[in-house]
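Undergrad: whatever this is, show me its structure:
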Amino acid sequence: MSISKLLSNLEGKWLAQQTLYNVILEKTYSQKSEVYYKLIRSTSPLLPNINKQIPQYDNLDVLEVSWQNSDTQLEHIICFFSISLQKTRQGKFIKWDQHQTNKLTTGNFKWNKHGILNLTTSKTNLRINEKIYTPTNRLKLSSSIIKKYGICISVSFISEIKFNQE
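TA: Next comes the predicted model:
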């Protein structure tokens with residue numbers, strides 16, 4: 001399976017259960033959300049902003065993600081770039097909030113042969129590693145580890161069940 005096929009399979013409405021453990025405060029937070037995934041087929045309005053970040057790419061996949069729960073609503077755009085057609089299993093990504101387009105998160109992705117998508121983001125003294133796995137077309141599992149100065153400060157686990165096939 002390719003990154004494009006994975007993102008295509010995500011399209012639709014999902015129910016998510018997230019558990020976040022703050023290692024420093026020794027506290028656990030849990031929430032349920034509805035998540036909507038949509039592939040963006042026409043990227044022409046995005047291209048001027050994208051070309052400033054990564055000028056050369058061979059493959060581009062763009063995913064719109066909307067998280068909604070009783071407290072918050074988050075809307076993100078994530079662009080996955082494969083720089084070389086021979087290396088379609090790895091590349092770079094850019095993620096931004098649709099309401100705050102000036103706040104970009106950039107990182108690298110790697111799609112391994114076992115069907116696990118690894119996302120890595122590094123900022124000054126902060127590193128985020130996220131692993132996404134879809135054992136079936138209706139189940140998505142992800143885990144994130146956030147480290148500051150090399151010390152784990154929080155861990156997040158998310159399971160999502162798809163409501164519909166779109």
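Undergrad: show me the strands in this protein, by range?
TA: For the chain, applying DSSP state E gives strands covering 12-22, 27-39, 59-68, 73-82, 90-97, 100-111, 116-123, 126-136, 139-148, 151-162.
Undergrad: which among those strands is found nearest to Ser2?
TA: Across these, Ser2 has its closest neighbour in strand 100-111 (7.4 Å, C-beta to C-beta). C-beta: built from backbone N, CA, C; applies to glycine.
Undergrad: helices and strands of the chain: which one bottoms out on pLDDT?
TA: Between all helices and strands in the chain, the lowest mean by mean pLDDT, DSSP states H and E belongs to helix 47-53, at a mean of 57.
Undergrad: how about the nearest residue to Asn108, chain neighbours excluded?
TA: The shortest distance from Asn108 to any residue that is not its chain neighbour, by C-beta to C-beta, 6 or more residues apart in numbering, is 5.1 Å, and that residue is Thr120.
Undergrad: ok, now how distant is that neighbour from Gln68?
TA: Distance of Thr120 to Gln68, given as C-beta to C-beta, to the nearest Å: 27 Å.
Undergrad: what's the answer for Leu74, then?
TA: Distance, Leu74 to Gln68, using C-beta to C-beta: 8 Å.
Undergrad: is the residue nearest to Asn108 in a bridge, and if so with what?
TA: With DSSP bridges applied, Thr120 shows beta-bridge pairing to Asn108, Asn129.
Undergrad: just Trp67 next, same as before
TA: Counting by DSSP bridges, Trp67 is bridged to Val35, Leu74.
Undergrad: for it, what are its contacts?
TA: Trp67 sits next to 16, 33-35, 73-75 when contact means C-beta atoms under 8 Å, 6 or more residues apart in numbering.
Undergrad: equivalent analysis for Lys95, please.
TA: Residues near Lys95 by C-beta under 8 Å, 6+ apart: 76-79, 104-107.
Undergrad: out of those residues, which end up buried?
TA: 77-79, 107 (16 or more other C-beta atoms under 10 Å).
Undergrad: what are the phi and psi values for Asn137?
TA: Taking degrees, to the nearest 10, you get phi -70, psi -10 for the backbone angles of Asn137.
Undergrad: now Asn112
TA: For Asn112, the backbone dihedrals are phi -90, psi 170 (criterion: degrees, to the nearest 10).
Undergrad: now do it against Arg89, distance only.
TA: Using C-beta to C-beta, we find Asn112 at a distance of 7 Å from Arg89.
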